[in-house]
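got a structure for you, letters missing:
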């Protein structure tokens, strides 16, 4: 057996997934220098050669992302048809649930299919604790009778260079980065709200240079993406595709004074380097993240129809399941101006929360085989 871990990650397109893998490897290097890391694509079935590599390792670690959901076993981590082929512990690191609304009640009735429960059974039987991304996920697992888990936070929360150092607030808002969500692809209401927020930021902070960031690859064949980029062109607002690597994300947000937007890992990255950020939560992940690190994270909708029937209609373009807050764009501009005026009293609390949770991530890493 080799002194190594095999990690399965979801880095395929979304810049945030690449950041998870990047930061996870840094955490292993700092806290478990006694282990080498072998990185495999989590969404692909394992080959026999890869299974041999896993069985020569200390553990197989499923790393990050909203993997706890129906289809976890089939779509997220297909692994192998016969889990007994994997003879080493299977663990999780920073995995989260994929809640629609983020209500606490949602965690008590969160569906997990039998095949995915079988994988969770195997994880529970490993003899080690697994780490999850947020307290919503932890409570979900507890409701399913799973107790061998601890809340470590997402690996991407921890930039080791910034731990236990003061929050750095900008004197001037020279640059604003706006992260575009994903809900606008199926919701005309969310599409319109994102446009209004972008316009409000441009008008409310006219002295700042505003750039819109796409975390998924821009595909001109996707109608709503084409509409959004065409609108940004007409408005003469800069936009950049940062999909495909963690370095694109790191470079983009390292060069802005503040982030506003819908992408969880833009918010996580900015918080990890002690920069101000407002996350507009378009699903349960953002709501759950606020329970971990605090800060400012308004919910993007006042109601959302979540049933399978309505989701199917939305995919077909026959329904818009979101109801939005008419005042959201104005509120965000006002709250950002207030934070700037008073030296970021709420945004800065994310620094303290990350520092308080890091020992739990260390505890998780140290107890691994």
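That came through, no problem. Predicted model only: the values in this text are computed from it and were never measured.

which of the residues in stretch 158-173 are buried?
158, 159, 162, 167, 169, 173 (16 or more other CB atoms under 10 Å). (Glycine included, C-beta is placed from N, CA and C.)

Among those, which has the minimum pLDDT value?
Across the set of the buried residues of stretch 158-173, residue 169 stands lowest in pLDDT, at 88.

Just confirm it is within a strand.
No - with DSSP: H, G, I helix; E, B strand; the rest coil as the criterion, residue 169 is located in coil rather than a strand.

isn't it right up against residue 270?
No - with contact defined as CB atoms under 8 Å, residue 169 does not reach residue 270; the gap is 11.9 Å.

shared neighbours of the two, which are they?
Residues within reach of residue 169 and of residue 270 at once, by CB atoms under 8 Å, 6 or more residues apart in numbering, are residue 276.

how far out from the middle of the chain is the host helix or strand of residue 6?
Using DSSP states H and E, residue 6 sits in strand 4-9. Taking CA atoms, centre = their mean, to the nearest Å, the mean C-alpha location of strand 4-9 is offset from the chain mean by 19 Å.

Can you point out the buried residues in that strand?
4, 5, 6, 7, 8, 9.

Which neighbouring elements make contact with it?
For strand 4-9, the contact count by 3 or more CB pairs under 8 Å, 6 or more residues apart in numbering; DSSP states H and E identifies helix 15-31, strand 36-41, helix 48-55, strand 59-63 as packing neighbours.

Point out the one among the ones you listed that comes closest to residue 353.
Proximity to residue 353 (CB to CB) singles out helix 15-31 among the helices and strands packed on strand 4-9, at 16.6 Å.

Name the residues that touch the closest one?
5, 7, 9-11, 35, 37, 39, 63-65, 93-94, 154-160, 215, 242-246, 248-250, 263-266, 268-269, 272, 361-362, 365-366.

Tell me the buried residues within the residues you listed.
5, 7, 9-11, 35, 37, 63-65, 93-94, 154-159, 215, 242-244, 246, 248-250, 263-266, 268-269, 272, 361, 365.

Which parts of this structure belong to which domain?
4-157+355-366, 175-347 (automatic domain parsing).

okay if I get these as CSV plus mean pLDDT?
Listed next are the domains of the chain as CSV, based on pLDDT from 0 to 100:
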stretch, mean pLDDT
domain 4-157+355-366, 96
domain 175-347, 94
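
For the residue lying closest to residue 144 once chain neighbours are set aside, pull up the helix or strand it's in.
Leaving out its chain neighbours, the residue that sits closest to residue 144 by CB to CB, 6 or more residues apart in numbering is residue 112, at 6.0 Å. Per DSSP H and E: residue 112 is located in neither a helix nor a strand.

who touches residue 112 in this structure?
Counted by CB under 8 Å, 6+ apart, residue 112 has contacts 68, 69, 70, 72, 120, 144.

Next: residue 88.
Applying CB under 8 Å, 6+ apart, the residues near residue 88 are 54, 55, 57, 58, 59, 60, 369.

how far is stretch 132-142 from where the chain is centred?
Distance, centroid of stretch 132-142 to centroid of chain: 14 Å (CA atoms, centre = their mean).
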